[in-house]
Each structure stands twice: as structure tokens, then as C-alpha cells.
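Asker: everything below, folded, please.
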Amino acid sequence: MIIKKLPEICEIKTGKKDANHANKEGKYRFYTCASQYSMCDTFSFSGECVIVPGNGDIGLVFYYNGKFEAYQRTYVLCNIKINPKYLYYHMLHKWRYINSGKQFGSTVKYVRMANFTSYEIPVPPIAEQERIVARIEELFSQLDKAVETLKIIKEQLAVYQQAVLKAAFEGKLTTTHVNLDVELTWLYDEKIKQLPILPSEWRYINLSELGDLGRGKSKHRPRNAAILFENGKYPFIQTGEVKAANKYVETYSNMYGEFGLQQSKLWPKGTLCITIAANIAETAFLGMDACFPDSVVGFTANEYVFPEYVRYFIEASKIRLSAYAPATAQKNINLATLENLVVPYCALTEQKIIVQQIEERLSICDNIEKTVDVILQQTEAMRQSILKQAFEGELV
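Answerer: A predicted model of the protein is given here:
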């Protein structure tokens with residue numbers, strides 16, 4: 001095994017093009033410092049090359065065999081005298097680790113040519129290089145197939161979850177239906193003729209009949225003014241925190257002070273938050289008294305409906321609600337859309353049984369999905385383990 005420095009086994013060049021050179025309709029790949037290449041109309045490099053961004057995420061390493069262009073401060077290793085994929089896999093394994101702490105620049109980190117010229121690589125005979133590459137790719141292929149299977153499982157879980165919710169609000173999760181003992185403003189005829197047929201004991205009703213809906217308030221401009229958050233003690237919830245919550249919003253990034261509260265509104269713990277901008281129809285209950293902006297609607301259920309029943313129905317209606325959002329830079333719906341949302345209504349006792357049935361089924365899905373996510377997170381570590389064994393002579 002001979003140890004060689006990078007300049008002994010390849011030429012080290014840099015790209016010359018700026019970001020404006022990109023053209024999504026172009027014919028050739030354009031490698032920048034991003035994790036994904038773009039396209040352009042010209043090429044300066046061809047053949048088997050290893051491409052390494054010189055700033056941004058300096059752990060990225062790419063292999064490409066063909067004609068391509070490169071962004072300035074992107075390094076291209078070409079005219080490689082050893083197996084190009086052997087070099088690629090070695091750098092994929094070692095590059096980030098070797099350059100940890102060796103970046104320069106205060107705002108944008110970058111590596112210098114010296115980082116490349118000092119890079120050392122063990123070079124076995126060509127036959128051994130080819131064997132190592134073949135074994136790595138065999139194991140990576142098996143790993144890729146496993147990852148694809150796991151992703152399919154996640155997609156199937158999402159389909160199953162939607163099927164559970166659909167069945168729930170068509171009266172198919174309960175075998176015995178309960179006669180209604182209240183008289184509310186039911187919907188009939190034209191307003192519901194296109195909707196699924198419900199059990200005879202059920203009715204359709206507008207969401208506004210089942211509680212109070214109101215938009216959050218954040219009147220001051222700019223909304224991020226420091227004065228709003230001075231001596232903060234009132235949690236301020238935003239759409240991203242509603243989306244990130246499981247069932248209850250219990251974490252937050254900002255707190256209003258007294259001035260912030262004056263131009264907002266404090267909603268009580270247990271209020272159902274429904275997002276109507278950016279993230280459409282994400283839902284969660286407040287885990288504490290809190291304020292939120294007008295991109296979130298608060299729903300307070302009346303005595304005729306179980307709050308969790310409403311939350312799950314909005315989850316089931318998410319795609320339909322998103323369709324109401326205009327195709328603008330930031331999607332949004334209005335308060336009237338929620339007020340006029342048509343809800344399948346059943347007796348309160350049956351609502352609670354339906355919620356229980358939903359949660360039992362979705363809990364199983366959640367546990368499977370968490371297991372799948374853990375395994376997916378481990379796949380990168382598995383790849384690094386394969387590379388480590390390969391370049392330590394332990395991969396048979």
C-alpha cells in the first residue's frame with residue numbers, strides 16, 4: 001500500500017463560472033456549492049471527475065462521468081490516475097473529517113487549495129481498488145433498496161392514516177350509531193348533495209355552529225419589533241410551532257411583553273389552533289395561555305362537540321382546505337373558509353368513541369413511522385461504516 005498526495009494522482013482545477021451562468025433549460029450539469037447540481041448551456045470539464053465544493057457545506061463530494069460546468073470556488077479533480085470511484089469513495093469518507101476545523105472565513109466557510117494538495121490517500125494495486133469499489137457499491141445498492149422500501153412504507157402509512165380519517169367521518173368506525181338528542185342548524189339539499197352519504201342518525205353542519213372561531217392578532221408593524229418582546233412573559237405562537245406540535249403546542253421561541261399583549265390577544269389553554277397561512281390546516285391545542293398572529297385561527301368548542309373530533313376532521317379535510325388557498329407565494333385561506341366548513345355531525349357520545357378509534361389506529365401508525373425514521377437516520381452512519389471498513393481493509 002503506497003500513500004500518495006492528491007496532486008500525484010490527479011489534476012486539481014477550479015470552476016470559473018458565477019451563479020448567473022445557471023440555466024434550468026441547459027444541457028449540461030452545473031456543479032455549485034449546493035447539495036444539488038443545476039443546469040447550464042456550456043461545459044469546461046468532461047470524463048470521470050470528482051467535484052468538491054470549496055465553501056458552504058464543505059463535506060459534500062460528487063462523482064460524475066460526463067460533460068459539466070463548475071461554479072467558482074468549486075474544485076474539480078480530473079485526469080485521475082487511479083480508479084476515479086476509489087478516490088471519490090475515499091474522499092466521501094475522509095474529506096469532512098480531515099477538514100473539520102480547517103475552514104477559513106468568518107461568515108462563509110471555505111477551504112483553500114492547500115487543503116487539497118496536502119490530502120493523502122492510500123493507493124493499493126488497481127485490482128484491489130476495483131474490488132473495493134465493487135464491494136462498496138454492492139453494499140450501497142442493498143442499502144438503497146432498503147431505504148426505498150422504508151420510504152414506501154412511510155407513504156403507505158400516510159395513505160392508511162387518511163383512509164382511517166375518511167372512514168371515521170363517514171360513520172364507518174362505529175358499528176352502532178346514536179340518535180341525536182339536540183336540534184341544531186343542519187344542512188340539507190343542495191349544500192350537501194355532493195358529500196358522502198352519512199348514517200341516518202348523522203347530520204351535516206357548518207363548523208361555525210359548533211363553536212367560536214376567531215383570528216389571532218398581531219397589529220403592530222413591524223411584527224418583529226423588539227419592543228413587542230421586552231420583558232416577555234406571554235408565549236407567542238406562530239404557524240411553524242403549530243405544525244411542529246404533536247397534539248399540544250408546548251414550546252415556543254418568543255414571548256410578548258405587556259406592550260406586545262396590548263396589540264394582540266391572549267387565548268386560553270386548550271384553544272384549538274388552526275393555521276390558515278403558509279402551513280394550511282395544521283392543528284394543535286394550546287398547552288398554555290398564549291398569543292398568536294392572524295395567520296392562526298383559534299377555535300373554542302361549544303357543548304355540542306368534542307374538540308378532538310373537530311381537530312381530526314380538519315386533519316381529514318387538509319387537502320380540501322389547501323385547495324381553497326390561492327396559488328401565491330404564501331398560500332392562505334380566510335376565516336370564512338373555516339366558518340363554512342361542512343362537518344359530519346353525530347351524537348357527542350359517538351364522537352368520543354370515534355376519536356378513541358382514530359387514536360388507537362393512528363398510534364400504531366405513529367410507532368411504526370418513528371421506527372422507520374430512526375432506521376432512515378441510521379443509514380448515513382451505515383454508509384460511513386461501510387466506507388470505514390473498506391479503507392481499513394476490513395471489507396470482505
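Asker: pull the contacting residues for residue 337.
Answerer: Residue 337 sits next to 276, 321, 324 when contact means C-beta atoms under 8 Å, 6 or more residues apart in numbering. Glycine gets a C-beta too; all of them are placed from N, C-alpha and C.
Asker: could you dump the residues you listed to CSV with neighbour count and distance to residue 268?
Answerer: Shown next, in CSV, are these (neighbours: other C-beta atoms under 10 Å; distance: C-beta to C-beta, whole Å):
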residue, neighbour count, distance to residue 268
276, 25, 20
321, 17, 24
324, 18, 28
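Asker: in helices only, show me those residues.
Answerer: residue 321 (DSSP state H).
Asker: care to break the chain down by domain?
Answerer: 2-123, 125-152+348-396, 179-345 (automatic domain parsing).
Asker: do you know which of the ones you listed lies nearest residue 168?
Answerer: Residue 168 lies closest, by C-beta to C-beta, to one member of the domains of the chain: domain 125-152+348-396, at 5.2 Å.
Asker: can you get me the start-to-end distance on that closest one?
Answerer: End-to-end distance for domain 125-152+348-396: 16 Å, by C-alpha to C-alpha, to the nearest Å.
Asker: check stretch 287-300 too.
Answerer: Stretch 287-300 stretches 14 Å from its first residue to its last (C-alpha to C-alpha).
Asker: can you list the helices and strands that the helix or strand harbouring residue 297 packs against?
Answerer: Using DSSP states H and E, residue 297 falls within strand 296-301. Helices and strands touching strand 296-301, by 3 or more C-beta pairs under 8 Å, 6 or more residues apart in numbering; DSSP states H and E, are strand 211-215, strand 272-277, helix 307-316, helix 335-339.
Asker: now these in CSV, with mean pLDDT and distance to residue 286?
Answerer: Below are these laid out as CSV (pLDDT from 0 to 100; distance: least, C-beta to C-beta, whole Å):
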stretch, mean pLDDT, distance to residue 286
strand 211-215, 97, 13
strand 272-277, 94, 6
helix 307-316, 96, 11
helix 335-339, 93, 17
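Asker: tell me the most buried of these?
Answerer: Among these, strand 272-277 has the highest mean neighbour count (mean count of other C-beta atoms under 10 Å), at a mean of 23.
Asker: C-alpha coordinates for that one, PDB please?
Answerer: C-alpha atoms of strand 272-277 as PDB (Å, rounded to 0.1, in the frame of the first residue of the first chain):
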ATOM      1  CA  LEU A 272     -57.600  24.600  19.100                       C
ATOM      2  CA  CYS A 273     -55.100  26.400  16.800                       C
ATOM      3  CA  ILE A 274     -55.800  26.100  13.000                       C
ATOM      4  CA  THR A 275     -53.200  27.600  10.600                       C
ATOM      5  CA  ILE A 276     -54.500  29.500   7.600                       C
ATOM      6  CA  ALA A 277     -51.300  30.800   6.000                       C
END
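Asker: what is the orientation angle of it with helix 307-316?
Answerer: Relative orientation of strand 272-277 versus helix 307-316 (axes from the mean of the first three to the mean of the last three C-alpha atoms, to 10 degrees): 20 degrees.
Asker: would you format the domains of the chain as a markdown table with distance to residue 159 included?
Answerer: Output for the domains of the chain, formatted as a markdown table (distance: least, C-beta to C-beta, whole Å):
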| stretch | distance to residue 159 |
| --- | --- |
| domain 2-123 | 28 |
| domain 125-152+348-396 | 10 |
| domain 179-345 | 12 |
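Asker: least reliable of those domains by average pLDDT, please.
Answerer: Lowest mean pLDDT within the domains of the chain: domain 2-123, a mean of 89.
Asker: packing partners of the helix or strand harbouring residue 143?
Answerer: Taking DSSP H and E as the definition, residue 143 sits inside helix 126-168. Judged by 3+ C-beta pairs under 8 Å, 6+ apart, helix 126-168 is in contact with helix 84-99, helix 307-316, helix 348-391.
Asker: would you list the phi and psi of residue 250?
Answerer: Main-chain torsions, residue 250, degrees, to the nearest 10: phi -120, psi -10.
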